[in-house]
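> below are the sequence and a predicted model for it; my questions follow.
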Amino acid sequence: LEWLFWTGQVTARRRSNDFARVYMAVHHAIPAEVLRTKAPSPEETQRQLLLLAARSHGIATLTDLADYHHQKPTESRSALQSLVDDGSLLEVSVEGWKEKAYLHPEAKRPRSVSARALLSPFDSMVWCRPRNERLFDFHYRIEIYTPAAKRKYGYYVLPFLLDDRLVARVDLKADRHRGVLMVPGAFSEAGTDTLHVAAELADELTLMCEWLGLDVVEVGRNGDLAAPLRKMLHP
C-alpha cells in the first residue's frame, strides 16, 4: 500500500482519529483534467518547489528553501542557481547570517506585523529549527521522545507567535473526558513583557478551548507565565 502511495496510484483522502491514513484510488480523489496534465520534469519540479518556498519565506538560505518541501540542499543547489540566473530570485546578504540569502522579488515587506497564534510543532514556520534560531533566537525542540525527567518544557510544547516575535512556549494537553484544556506549563522568552504576553496568551488559549469544544482552561504551575496566566483566565 505504501508503494502504491509513493508511486501515485493511491492517495491519502484523510486521516483517522488515530492519525492513520485513509487511502483512495487517485482517479476517485483527483479531477480527471488534473490527472491528464503533463507532469513537469524533475528539474522543473525542483525549481517550482524552491520558488514556492521562497514566496512563503520571503527571504531565506538554500537550506531554508530546500527544507520547506523536504528537498536536499545538495540536490537543490543547481536549480536555485538557475532561478538566480533568470531573475526569478535575487541573491542578497543579511547581516549576521553566515550563508548567502535569496529574496523573492514579490516578497511582501510590511511596515509592521500584527499576528497572534499558537503554532503546531509541525507548522512550516517553525519546522526548520536552524531558521528559528537565526530569525528569532528561539531554540526549539519537540520533547515527545525525551524521557519525562529530562524534558525542559514539557511533552507537547507549542511556540506562541505575537506580532513578529516568538514570545513564549506553552505545554498543552486536551482532557476531553473532563472538557478541560490543560496548560501544564507556560514559559516566556527573554526580553518580553510578561504581563502583556500573558494577557494575549490567555485570549488565544480561550479561543483554542472554544474551537476544541472544551469548557475551561486549567493552568498548572510550571514556568514563569503560569501565575500571571492563571490570573488572566480566572481573575
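Looks like it came in fine. Numbering: from 1, shown residues only.
> starting at the chain centroid, how far to stretch 119-129?
A distance of 2 Å separates the C-alpha centroid of stretch 119-129 from that of its chain, computed with CA atoms, centre = their mean, to the nearest Å.
> again with stretch 59-71
Worked out by CA atoms, centre = their mean, stretch 59-71 lies 13 Å from the chain centre.
> now do stretch 19-35
Using CA atoms, centre = their mean, the distance between the centre of stretch 19-35 and that of its chain works out at 25 Å.
> next, the buried residues of that stretch.
In terms of neighbour count (16 or more other CB atoms under 10 Å), stretch 19-35 has its buried residues at 23, 26. Where you see a C-beta, it was placed from the backbone N, CA and C, and this is true even at glycine.
> also stretch 219-234?
219-220, 223, 225-226, 228-230, 232-233.
> over to stretch 101-109?
101-104.
> Serialize the buried residues of stretch 219-234 to JSON lines and add fields for distance to D86 and pLDDT.
Listed next are the buried residues of stretch 219-234 as JSON lines, based on distance: CB to CB, whole Å; pLDDT from 0 to 100:
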{"residue": "V219", "distance to D86": "53", "pLDDT": "97"}
{"residue": "G220", "distance to D86": "54", "pLDDT": "96"}
{"residue": "G223", "distance to D86": "49", "pLDDT": "97"}
{"residue": "L225", "distance to D86": "48", "pLDDT": "97"}
{"residue": "A226", "distance to D86": "53", "pLDDT": "97"}
{"residue": "P228", "distance to D86": "52", "pLDDT": "97"}
{"residue": "L229", "distance to D86": "51", "pLDDT": "97"}
{"residue": "R230", "distance to D86": "56", "pLDDT": "96"}
{"residue": "M232", "distance to D86": "52", "pLDDT": "94"}
{"residue": "L233", "distance to D86": "53", "pLDDT": "94"}
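> give me the subset of the residues you listed lying in strands.
219-220 (DSSP state E).
> re the thing from before, which of the buried residues of stretch 101-109 sits closest to H70?
H70 lies nearest to Y102 out of the buried residues of stretch 101-109, by CB to CB, at 18.1 Å.
> how about the nearest residue to that closest one, chain neighbours excluded?
Closest residue in space to Y102, ignoring its immediate chain neighbours: L89 at 4.7 Å, by CB to CB, 6 or more residues apart in numbering.
> element containing S56?
helix 42-57 (DSSP states H and E).
> which parts of that helix are buried?
Result for helix 42-57 [16+ other CB under 10 Å]: buried residues 46-47, 49-51, 53-54, 57.
> what bits of the protein have low per-residue confidence?
The model of the chain has no residue with pLDDT under 70.
> right, and the helix or strand after the longest strand seen in the chain?
Counting residues, the longest strand found in the chain (DSSP E) is strand 165-175. Counting by DSSP H and E, the next helix or strand C-terminal to strand 165-175 is strand 180-188.
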